[in-house]
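K.L.:
Okay, sequence plus prediction incoming.
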Amino acid sequence: MDTLDLKRTLKHLYSASAKPQMVEVPEMTFLMIDGAGDPNTSQAFQEAMGALYGTAYTLKFMLKKGAEDPVDFAVMPPEGLWWCEGREDFCMEEKGKWLWTLMIALPDFVTAEHFAEACRQLRERKDPPGLDKLRLERFCEGLCAQVMHLGPYADEPATIAKLHAFIAEQGQSPGGKHHEIYFSDPRRTPPEKMKTILRQPVR
């Protein structure tokens, strides 16, 4: 059985260099969960991550064992949309005011029925906090600029400034929520080696 890996089939969206580039992001299927507050201290953030991963892996193994037409896929890295109420820019300095949507991309063959069954199985097995807030949603960003940030999250402002300068050079302006894609586990990766794609929709 072949394993679908969206990081490979959508390589231009899930790989980047230190040099900003423009990408066209199509409509995709995501697991999503909303929250607020500093991710370093928010219990809701940890619960959201647990619900996301738990459901994504339940879907993976459920569909891999499907009796009629089994399929397999690689679980994607977590992503986050970040914003602050009443501000167009992402207020990096005010973590307590952060609003966020955590998400994991899924193959398009995952249906609402699959999602509901995976939630039922996960609730029966573990019932993680945050599961009731999870949703399956189609999401489209369109034209975006993105860049790879290498290093700790605290050093992101300089990379974000570089990304926004690139957007201005292209004759565009930021429009939409600051987007991050996480390729490193901060519990296991030295801060200087962490990799995060920073993405900004434009208008």
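P.N.:
Thanks, I have it.
K.L.:
Now do the contacts for Met92.
P.N.:
Listed by C-beta atoms under 8 Å, 6 or more residues apart in numbering, the contact partners of Met92 are 156-157, 160. Where C-beta positions appear, they are placed from N, C-alpha and C, glycine not excepted.
K.L.:
doesn't it fall inside a helix?
P.N.:
No. Under the criterion used here (DSSP: H, G, I helix; E, B strand; the rest coil), Met92 is coil, not part of a helix.
K.L.:
what does the model give it for pLDDT?
P.N.:
On pLDDT, Met92 comes in at 74.
K.L.:
Repeat that for the one 4 residues further on.
P.N.:
Looking at Gly96, its pLDDT reads 85.
K.L.:
One more: Arg188?
P.N.:
For Arg188, pLDDT reads 93.
K.L.:
ok, now Leu6?
P.N.:
The model reports Leu6 with a pLDDT of 97.
K.L.:
which one among the contacts of Met92 gets closest to Gln121?
P.N.:
Taking C-beta to C-beta as the measure, Gln121 lies nearest Glu156 of the contacts of Met92, at 36.6 Å.
K.L.:
can you pull the contacts of that closest one?
P.N.:
Neighbouring residues of Glu156 by C-beta under 8 Å, 6+ apart: 92, 149, 196, 198.
K.L.:
Of the residues you listed, which pair is most distant in space?
P.N.:
So, the contacts of Glu156 by C-beta to C-beta: farthest apart are Met92 and Thr196, at 13.5 Å.
K.L.:
List only buried entries from the contacts of Glu156.
P.N.:
149, 196, 198 (16 or more other C-beta atoms under 10 Å).
K.L.:
Mind picking the one among the residues you listed that's closest to Lys177?
P.N.:
Nearest to Lys177 among the buried ones among the contacts of Glu156, with distances taken as C-beta to C-beta, is Leu198, at 11.9 Å.
K.L.:
Check the offset of the longest helix along the chain from the chain's centre.
P.N.:
Ranked by residue count, the top helix of the chain under DSSP state H comes out as helix 43-64. Centre-to-centre, helix 43-64 and its host chain are 13 Å apart (C-alpha atoms, centre = their mean, to the nearest Å).
K.L.:
And the contacts of it?
P.N.:
1, 31, 33, 35-37, 39, 70-73, 75-76, 78, 100, 102-104, 106, 110, 114-115, 117-119, 121-122, 125-126, 128-131, 133-134.
K.L.:
Of these, which count as buried by neighbour count?
P.N.:
Among the contacts of helix 43-64, the ones that count as buried by 16+ other C-beta under 10 Å are 31, 33, 35, 37, 39, 72-73, 75-76, 78, 100, 102-104, 106, 110, 114-115, 118-119, 121-122, 128, 130-131, 134.
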